[in-house]
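[1] take a look and give me a structure for this.
(one chain, ligands or ions: 1)
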Amino acid sequence: MDDRVVIVGAGPAGLAAAWAIRRAGRDPLVLEQADAVAASWRDRHDHLRLNTHRAFSHQPGARIPRRCGPYPARDDYIAYLQEYSAGMRLRLGGVPLHPVSITLRRLPVRWQDATARAVQRLAFGDLGRFGYPRPELGPFTRQRADGVTIAVDDGFARALKAGRVVMKPGIDRFDGPAVRSPTARPAMLSVRTCRRRRPA
Ligand SMILES: Cc1cc2nc3c(=O)[nH]c(=O)nc-3n(C[C@H](O)[C@H](O)[C@H](O)COP(=O)(O)OP(=O)(O)OC[C@H]3O[C@@H](n4cnc5c(N)ncnc54)[C@H](O)[C@@H]3O)c2cc1C
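    As a prediction, the model looks like this:
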């Protein structure tokens, strides 16, 4: 066992790093938040293919099989990465790495929420004064409900306080580059965030 070498993420890059480190004689532990390797590919639509030729898209030490065709399909690429990871030490399904999350993980969820909110307030002050709304659900409740983790980090808090990020009221719909809101005039957005969803 060699827990001192830890790789975060079992995508192509993490697995390539694990391969190289194993080759150098160590046995790294690969931590992956999703329940399987190649998570970013599993999340994509079924007809996706690599847009780079098989010959230029393989991991170190293992070519993509010829039967996958010149531009492998998503499922073939996932199967290839799955096979590539065989024998590697993987810990799937998420491991808390943040000190606060590690400390809180055995507490009831409402205490986790309250503590996370208190820590955020201590770190960044009252962001409500700058228009950042208090979310209805606490962060740990939300994470359990739909897997989404809302992260308020230092850079965001600074930008909000400096007025470089401006909070807009609830978005009703997108209309080309403009955003329609029930309470405000149409606005042009320079940044949008959307959750990816696989079609049913
Ligand atoms: C639609 C699309 C098509 C593409 N097509 C091609 C192509 O044809 N050819 C090509 O060469 N490249 C292509 N790419 C680029 C693609 O991003 C890379 O090929 C590859 O997936 C990137 O690998 P990665 O390991 O760096 O990142 P990812 O594949 O995103 O893997 C990162 C992994 O880390 C995990 N992770 C992240 N944070 C944590 C955490 N805190 N704790 C634990 N785990 C964590 C994630 O769950 C994920 O599994 C494409 C990308 C997209 C989006």
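
[2] hey, let's count contacts and neighbours off CA atoms from now on
    OK.

[3] which bits of this structure sit near the ligand?
    8-14, 31-34, 37-40, 50-52, 57, 94 (CA under 6 Å from any ligand atom).

[4] just the buried residues of the residues you listed.
    Using 16 or more other CA atoms under 10 Å as the burial test, these include 8-12, 14, 31-34, 37-39, 57 as buried.

[5] just to revisit the earlier point, out of the residues of the chain next to the ligand, which sit inside strands?
    With strands defined by DSSP state E, the entries of the residues of the chain next to the ligand inside them are V8, L31.

[6] point to the residue nearest the middle of this protein.
    In the chain, the centroid-proximal residue (CA atoms, centre = their mean) is Q33; its distance is 8.1 Å.

[7] shouldn't it be in contact with G9?
    Yes. Applying CA atoms under 8 Å as the test, Q33 and G9 come out as touching, 7.2 Å apart.

[8] just the strands in this protein please.
    So, for the chain - with DSSP E - the strands run 6-8, 29-31, 89-91, 173-175, 178-180, 187-188.

[9] okay, and for this structure, where does confidence drop off?
    1-3, 95-97, 147, 169-172, 175-200 (pLDDT under 70).

[10] rerun at 90
    Along the chain, the model assigns pLDDT under 90 to residues 1-4, 33-35, 43, 46, 91-107, 116, 119-120, 131-136, 139-154, 165-200.

[11] could you chop it up by domain?
    The chain breaks down by automatic domain parsing into domains covering 6-92, 99-162.

[12] any idea which of the ones you listed is most buried?
    Across the domains of the chain, averaging neighbours per residue (mean count of other CA atoms under 10 Å) puts domain 6-92 on top, at a mean of 16.

[13] picking up where we left off before, leaving out sequence neighbours, find the closest residue to the residue nearest to the centre of the chain.
    Nearest residue to Q33, sequence neighbours excluded (CA to CA, 6 or more residues apart in numbering): G94, at 3.6 Å.

[14] for that neighbour, give me its contacts.
    Residues near G94 by CA atoms under 8 Å, 6 or more residues apart in numbering: L31, E32, Q33, A34, D35.

[15] no further queries at this time; thank you.
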